[in-house]
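Enquirer: generate a structure from the sequence data that follows.
(2 chains)
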Amino acid sequence: MVDTPPQSHTGRSTTSRGDRDGRRRDVLAAASDILEESGWEGFSIRAIAARAGVSTGAVYQWFSGKDEIFGELYDRQIRDGLELMDTLPDDLGLADAVRLMLEWVVDLYETLGRYEMEFVEESRGRSGREIAPAMDSTYILLGNQADALLDRAAAVDGLTLVPASDFRITWFWAGCVGAAERLIVSAKHFQDDRREELLAFSSDRLAKSLLA
Amino acid sequence: MTTVRGNREQRRRDVLEAAAGLLEESGWDGFSIREIAARAGVSGGAVYQWFSGKNEIWAHLQTTRYIDDTKTIGQWPDDLAPIETVHRIVSLIAQSHADIGRHRFSLEAVLDGRVPDYLIELMNARHLLGAAVADRVRSINAADGEPENQLARLAWLWATAEGVGDHLVDARFEAVGVQPKDFMDTTAECVLAGLRAHSPVTVDLPAMGDD
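Expert: Numbers count the residues shown, from 1 in each chain, chains lettered A, B, ... in the order given. The predicted structure follows:
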């Protein structure tokens, strides 16, 4: 098991070398880079260790395997999303709320999303059994927060949405995910102004799709 | 499996059928020439006689699905209610994406900008399906009198339906207790509302398949 870092060494250097937490962070940063460059297929402990400049043995000291590494990257992104929703102003209208959430999904999918499905699928058949329930509960929490935010934002505009339900929020995520993928793929072919138009159009239609 | 030795065309079809089953069961990671060959009861070498690799096999599956879906849409009655049209279109695109299309990102990563012939066939098939879907969507919006944003609306419909497809295979979907049937009903209503909405933004997009 992982030892706790020695506490006697008070003058510990702030560089990552010799600093266990710092090296753990290096591994996560390396993993994020690998995922962006090589996708889920290239996402191996060996590649991650090489990128972080540590041994694979060291990686296994901190993580049970690539599922746990991905799970942690995923969790961090989700926490960012929860924080974003928490800090949005109370008087935000529906259009702006949907726009901000779509932008967050685009961001999520640009870094992790495309592999999220493959991860969820694969990990359930393996070690992910411990990780999956945690992901499920974060997912449900995120959905509840988003539901509340959408209703609040609609009320600011004096609008009524179709009643909150598992279907409504699942459609909303699905719509965001689809639009985000399209935006990401399109970004390779379109100018930035087209991306902006697409983002505006997609979020406008998503907002209106929720109206009662 | 029936013995098909000596019948090349039949064996090629066996390979594609085996590949479709394998993709569905094992996803992209388990989608290997060795496995496909074993399932089809042919040698790996035989598979390589017909296909350059797993990307080409995937592209054939996708192309065939686009062609089949285009035929399916052609058989729908002309007087479907808008909600029924949307329900059918979203289900069709979502299911195709869940079964095959969602693996395309892996393909893109491998292709690295090259455009082999089989991909051109795929794009053509996608174009035709796009046109068939556009026809159905146009009839909905003609009734509402919105002439703008035809292609942007279509792209939005397509993109969001693919997102729906992603969710159909998401295990967390089950975890929150959502039944696909009820989910599709709500989704169709929302998509129809989104299609019918008028937007302050006008987007001038290239036709489907050009991106």
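
Enquirer: how about chain A: which residue is closest to chain B?
Expert: A:Gly178 (2.5 Å; Cβ to the nearest Cβ). (Each C-beta comes from the backbone N, C-alpha and C, glycine too.)

Enquirer: what packs against the host helix or strand of A:Lys208?
Expert: Assessed by DSSP states H and E, A:Lys208 sits inside helix A:192-209. Helix A:192-209 sits against helix A:94-108, helix A:166-187, helix B:150-168, helix B:180-196, with contacts defined as 3 or more Cβ pairs under 8 Å, 6 or more residues apart in numbering or on different chains; DSSP states H and E.

Enquirer: and the contacts of the shortest one?
Expert: Just to be clear, that refers to helix A:94-108. Contacts to helix A:94-108, defined as Cβ atoms under 8 Å, 6 or more residues apart in numbering or on different chains, come from residues A:77, A:80-81, A:84-85, A:88, A:92, A:113, A:146, A:149-150, A:152-154, A:156-157, A:159, A:173, A:176-177, A:179-180, A:183-184, A:199-200, A:202-204, A:206-207, A:210.

Enquirer: mean confidence score for that helix?
Expert: Mean pLDDT, helix A:94-108: 90.

Enquirer: now it - C-alpha only, PDB.
Expert: This file holds the C-alpha atoms of helix A:94-108, laid out as PDB (Å, rounded to 0.1, in the frame of the first residue of the first chain):
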ATOM      1  CA  LEU A  94     -32.300  30.500 -19.800                       C
ATOM      2  CA  ALA A  95     -30.400  31.300 -23.000                       C
ATOM      3  CA  ASP A  96     -27.200  32.200 -21.000                       C
ATOM      4  CA  ALA A  97     -27.500  29.300 -18.700                       C
ATOM      5  CA  VAL A  98     -27.800  26.800 -21.500                       C
ATOM      6  CA  ARG A  99     -25.000  28.500 -23.400                       C
ATOM      7  CA  LEU A 100     -22.700  28.200 -20.400                       C
ATOM      8  CA  MET A 101     -23.500  24.600 -19.800                       C
ATOM      9  CA  LEU A 102     -23.000  23.700 -23.500                       C
ATOM     10  CA  GLU A 103     -19.600  25.400 -23.400                       C
ATOM     11  CA  TRP A 104     -18.700  23.400 -20.300                       C
ATOM     12  CA  VAL A 105     -19.800  20.200 -22.100                       C
ATOM     13  CA  VAL A 106     -17.700  21.200 -25.100                       C
ATOM     14  CA  ASP A 107     -14.700  21.700 -22.800                       C
ATOM     15  CA  LEU A 108     -15.300  18.300 -21.100                       C
END
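
Enquirer: gap between it and the chain center?
Expert: Put simply, helix A:94-108 sits 13 Å off its chain's centre (Cα atoms, centre = their mean, to the nearest Å).

Enquirer: can you give me the buried ones in it?
Expert: Buried residues in helix A:94-108, counted by 16 or more other Cβ atoms under 10 Å in any protein chain shown: A:94-108.

Enquirer: hang on, the earlier thing: residues in contact with the residue of chain A closest to chain B?
Expert: Contact analysis of A:Gly178 by Cβ under 8 Å, 6+ apart lists B:Trp158, B:Ala159, B:Thr160, B:Ala161, B:Glu162, B:Gly163, B:Val164, B:Asp166.

Enquirer: lowest pLDDT pick from those residues?
Expert: Least confident entry in the contacts of A:Gly178, by pLDDT: B:Asp166, with 84.

Enquirer: what bits of chain B have low per-residue confidence?
Expert: Across chain B, the ranges flagged by pLDDT under 70 are B:1-6, B:104-113, B:142-148, B:171-178, B:200-211.

Enquirer: now the most centrally placed residue in chain A, nearest residue through space, not along the chain?
Expert: Nearest to the geometric centre of chain A sits A:Gln77, at 3.3 Å (Cα atoms, centre = their mean). The shortest distance from A:Gln77 to any non-neighbouring residue, by Cβ to Cβ, 6 or more residues apart in numbering or on different chains, is to A:Leu108 (5.1 Å).

Enquirer: which stretches in chain B count as helices?
Expert: Applying DSSP state H to chain B gives helices spanning B:8-26, B:33-40, B:44-50, B:54-74, B:82-99, B:104-111, B:117-144, B:150-168, B:171-175, B:180-196.

Enquirer: what's in contact with the fourth one?
Expert: What that stands for is helix B:54-74. By Cβ under 8 Å, 6+ apart, helix B:54-74 touches B:15-16, B:19-20, B:23, B:31-33, B:36, B:47, B:51, B:88-89, B:92-93, B:96, B:99-101, B:103-104, B:107, B:110-111, B:116, B:118-119, B:121-122, B:125-126, B:128-129, B:132-133, B:136.

Enquirer: go again using 7 Å as the cut-off
Expert: Residues outside helix B:54-74 that contact it (Cβ atoms under 7 Å, 6 or more residues apart in numbering or on different chains): B:16, B:19-20, B:23, B:31-33, B:36, B:51, B:92, B:96, B:100-101, B:103, B:107, B:110-111, B:118-119, B:121-122, B:125-126, B:128-129, B:132-133, B:136.

Enquirer: give me the number of residues near A:Leu141?
Expert: A:Leu141 has 12 neighbouring residues, counting by other Cβ atoms under 10 Å in any protein chain shown.

Enquirer: who does whichever strand or helix holds it touch, helix- and strand-wise?
Expert: Here A:Leu141 sits within helix A:131-156, counting by DSSP H and E. Helix A:131-156 sits against helix A:66-87, helix A:94-108, helix A:114-124, helix A:166-187, helix B:171-175, with contacts defined as 3 or more Cβ pairs under 7 Å, 6 or more residues apart in numbering or on different chains; DSSP states H and E.

Enquirer: okay, these, which one's buried deepest?
Expert: Highest mean neighbour count among the helices and strands packed on helix A:131-156 (mean count of other Cβ atoms under 10 Å in any protein chain shown): helix A:166-187, with a mean of 23.

Enquirer: state the number of residues packed around the spatially closest residue to A:Ser209 that is not a sequence neighbour.
Expert: Nearest residue to A:Ser209 in three dimensions, chain neighbours excluded: B:Gly194, at 3.3 Å (Cβ to Cβ, 6+ apart). The tally of other residues near B:Gly194 (other Cβ under 10 Å) stands at 25.
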